[in-house]
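Asks: Fold the following and give me the result.
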Amino acid sequence: MFAERPRGGVGTWPLIAATLVATVVWMAVAGLRFAWDSALVTGVACGGLEALAQVYRTRRPEPRIAATLSALAQVIAFSACAAALSYTVASTGGPLWDSTFHAWDRRLGLDWRAYLAFVDGHPRLGLALSLAYRSLILQTMLAVILLGFSGRLRALRDFVLAFALAGTVTVLVSALTPALANFVFLGLSPADFPNLHPAASYVHVADLTGLRDGTLRTINLDHVEGIITFPSFHAALGGLYIWAFWRLRAARIPALVVNALLIAATPIDGGHYFVDVIAGLVIAALAICAARALGRRAADALRPGASEGGPAPGRA
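Replies: Numbers count the residues shown, from 1 in each chain. Sure, this is the predicted structure:
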């Protein structure tokens, strides 16, 4: 199997740069500070990966290795920028939307308390859900490495771009719809779910509250939490992972099972409303469509009037 040819056109680095610029400008307007020393490891890692990628593009041409290293750098860089931006937009957020999201769930006939009680009554299921919920970093790295090393470079590029697009939209929408999530809104304590240990039920509260009341004024990448409730980026990533791993025949069923659990875990381990999950999946679908459309447009630009390179020498 041969690796697919690299493509020109729209990439993820410009989106990362735009996210960084937006973060810096928004921080200045909001009067926030950034602990630049907390970005040192991230910066060195991304720079090193991209430098190695350049070596494998030019001096020792290995398209698969080059694409994989660059994709890893992009994912790490975007994640850091998006985390900082999520804190920045939260500092200027308006009224909380918890009551609205709770009402939307009820209108859809979805009872979060009943779901919590069901999972609490099945501790093994709760453990499986929690493990799946915590798999984001592992799944992201695996998706990049497996797609890259298997020569599915077009699929790799689309995945990374969709990852960044979904993250950007999620952060920007969260600026308009801040919320504290179910555990806080309903006033629950760990005693209300003794058999569960949700991964992110309360960890975001101190930072989100501090950003909103002005007591937290410095953003430090060494101490960031997932503070977004609506839309759910976990749910969006679950959809993206299923799509990415579907390109790999041996990974299809395992990825489908793990990410079905991940999506099912999101209301419990993240305290999300069901509408958060629905919105996250919609964003994933839109990000996939956008990434694929941009990819096709880039391919068409390479050869006007013809598809890229005729029949693909590898697999998408």
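
Asks: And the closest residue to G94 other than its chain neighbours, how far from A83?
Replies: Nearest-residue entry for G94: P178, 6.9 Å, with adjacent residues in sequence omitted and distances by Cβ to Cβ, 6 or more residues apart in numbering. Bear in mind the C-beta positions are built from the backbone N, C-alpha and C, glycine included. Relative to A83, P178 is positioned 16 Å away (Cβ to Cβ, to the nearest Å).

Asks: do F101 as well
Replies: F101 is 23 Å from A83, by Cβ to Cβ.

Asks: again, but for N259
Replies: 22 Å.

Asks: Pick out whichever of these two has more residues nearby.
Replies: N259 (24 against 20; other Cβ atoms under 10 Å).

Asks: which parts of the one helix or strand the more buried one maps to are buried?
Replies: Secondary structure assignment for N259, by DSSP states H and E: helix 252-269. Applying a neighbour-count criterion of 16 or more other Cβ atoms under 10 Å, one finds A255, V258, N259, L261, L262, I263, A264, A265, T266, P267, I268, D269 buried in helix 252-269.

Asks: if we take the residues you listed, which one ends up nearest to V55?
Replies: A255 (31.2 Å; Cβ to Cβ).

Asks: would you list the buried residues of helix 252-269 in JSON lines and tack on distance to F193 and pLDDT?
Replies: Converted to JSON lines, these look like this (distance: Cβ to Cβ, whole Å; pLDDT from 0 to 100):
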{"residue": "A255", "distance to F193": "28", "pLDDT": "97"}
{"residue": "V258", "distance to F193": "23", "pLDDT": "98"}
{"residue": "N259", "distance to F193": "23", "pLDDT": "98"}
{"residue": "L261", "distance to F193": "18", "pLDDT": "98"}
{"residue": "L262", "distance to F193": "19", "pLDDT": "98"}
{"residue": "I263", "distance to F193": "19", "pLDDT": "98"}
{"residue": "A264", "distance to F193": "16", "pLDDT": "98"}
{"residue": "A265", "distance to F193": "13", "pLDDT": "97"}
{"residue": "T266", "distance to F193": "16", "pLDDT": "97"}
{"residue": "P267", "distance to F193": "12", "pLDDT": "97"}
{"residue": "I268", "distance to F193": "8", "pLDDT": "96"}
{"residue": "D269", "distance to F193": "11", "pLDDT": "96"}
